[in-house]
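**Q** I need the structure of the sequence given here:
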Amino acid sequence: MIPFIRPGLQMPDETRSNNRIQHEELLTQTQHKLIEEIEKRRKLESELRARNEELTESNTKLKATHSQLIQSEKMAAIGLLVAGIAHEINNPIGFIKSNLSVLEEYFASLLALASSARKALDFLTEEGQNAGKKPALIADLKAQLSATELDYLEADIPALMIETSEGISRVITIIRDLQKFSHVAETEWEIVDLHAGIDSTINIANNEIRYRASVQKNYGDLPLVECIPSQINQVIMNVIVNAAQSIEASGLITIDTRHIGDQVSITITDTGRGIDPEDMAHLFEPFFTTKSVGTGTGLGLAVSYGIVKAHGGNIQITSELGIGTTVEIVLPISQHPAE
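**A** Numbering: from 1, shown residues only. You can find the predicted model right below:
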């Protein structure tokens, strides 16, 4: 402690020296404390940087794992539907092949008729030289006309061509929708028509649906929505296939869409067997499934939940045993809403 010196009195040299030493010691102690604090802070900052790098790396790995999980579940869904998709493609391919075979026969008949017509034309050109051949030639031409059935071919060939063209269009549509659904690298946000995505998804799952239920669409007036379309289509696929598989005989799947403020709603209702109340709390858990072995991966709703949440939306399920299930998916119209 520095002694108090009254005004007018001078501090002795020894006292001044002691005070100076005390000041220097105090300054040194303060400097040491500051250095220690700085070192602690540097160490803490270094630890925080290291921790932040670990968290960044973990987050990157988590995103990659989530992406892989989405793709894995998507491929599993396609695997479960592949037989139906093959049937959807084989059906038009079958009648296209049949039509081409029939058209080949028709073409052969027309070639034979054209040959007979040529002979008749030659005869008429050189009638004087071929008088003896006239009855046989006329009989051959009449027989050929009768066998060709021109009136029937005139009606049937255009119908076959239209049916064949429609079959080819169906195959092209199925393949195009399948490519959209299974696109591996698509992570770009787009502004899309959700109704077109629902329609293409139903087209892919048609063979899974049509033997179990009819689909009723009650589409509202929706604006274009900003989303990753392949992921939203995957959610729709999971819900619709679940709805179809819950219907044991014949039932109805109803799809309603609404525009609600800055959001849109997609509601899918089925008349299936419903969900046990004890299972409701576990529906979004990975690998939880109420389906029999081999008919479900247990990832569909878990992945769907993650996709909808990543879009800033919400998904809710209500169900009643013996009555059916309703799934409502709510999505924001824009990922960057105006202030």
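**Q** Pretty sure residue 226 sits in a strand.
**A** Yes. Assessed by DSSP: H, G, I helix; E, B strand; the rest coil, residue 226 belongs to a strand.
**Q** Next, find the distance separating it from residue 269.
**A** Per C-beta to C-beta, to the nearest Å, residue 226 is found 26 Å from residue 269. Backbone N, C-alpha and C define where each C-beta goes, glycine included.
**Q** again with residue 106
**A** Residue 106 sits 49 Å away from residue 269, going by C-beta to C-beta.
**Q** same deal with residue 142?
**A** Taking C-beta to C-beta, one finds residue 142 at 65 Å from residue 269.
**Q** between these two, who's got more neighbours?
**A** Between residue 142 and residue 269, residue 269 has the larger neighbour count (other C-beta atoms under 10 Å), namely 18 against 11.
**Q** That one contacts residue 251, doesn't it?
**A** No. Using C-beta atoms under 8 Å, residue 269 is not in contact with residue 251, being 10.4 Å away.
**Q** which neighbours do the two share?
**A** Taking C-beta atoms under 8 Å, 6 or more residues apart in numbering as the contact rule, residue 269 and residue 251 both touch residue 324.
**Q** And the strands in the stretch 1-150 of the chain?
**A** Counting by DSSP state E, counting those that start in this stretch, one finds no strands in the stretch 1-150 of the chain.
**Q** what about the helices in it?
**A** Here the stretch 1-150 of the chain has its helices, by DSSP state H, counting those that start in this stretch, at 13-125, 134-148, 150-182.
**Q** mean confidence for the second one?
**A** Per-residue pLDDT values across helix 134-148 average out to 69.
**Q** rank the helices of the stretch 1-150 of the chain by pLDDT, which is bottom?
**A** Of all the helices of the stretch 1-150 of the chain, the minimum mean pLDDT falls on helix 134-148 (a mean of 69).
**Q** For the closest residue to residue 193 other than its chain neighbours, give me the backbone phi and psi.
**A** Of all residues not flanking residue 193 in the chain, residue 224 sits nearest, at 6.1 Å (C-beta to C-beta, 6 or more residues apart in numbering). When quoted as degrees, to the nearest 10, the phi and psi of residue 224 stand at phi -70, psi 140.
**Q** Residue 224 touches residue 192, doesn't it?
**A** Yes. Between residue 224 and residue 192 a contact is recorded at 6.3 Å, counting by C-beta under 8 Å.
**Q** Looking at the two, which is more packed in?
**A** Per other C-beta under 10 Å, whichever of residue 224 and residue 192 has more neighbours is residue 192, with 16 against 13.
**Q** contacting residues around the more buried one?
**A** Applying C-beta under 8 Å, 6+ apart, we find residue 192 in contact with 224, 225, 227, 229.
**Q** and the gap between the first one and residue 260?
**A** I take that to be residue 224. Going from residue 224 to residue 260 by C-beta to C-beta gives 15 Å.
**Q** do the same with residue 218
**A** Distance, residue 218 to residue 260, using C-beta to C-beta: 15 Å.
**Q** Nearest residue to residue 221 in space, please, no chain neighbours.
**A** Nearest to residue 221 is residue 259, by C-beta to C-beta, 6+ apart, at 6.2 Å.
**Q** Confirm the one you found sits in a helix?
**A** No. Counting by three-state DSSP, residue 259 is not part of a helix but strand.
**Q** quick one: pLDDT of it?
**A** At residue 259, the predicted lDDT confidence score is 95.
**Q** Many thanks, have a good one.
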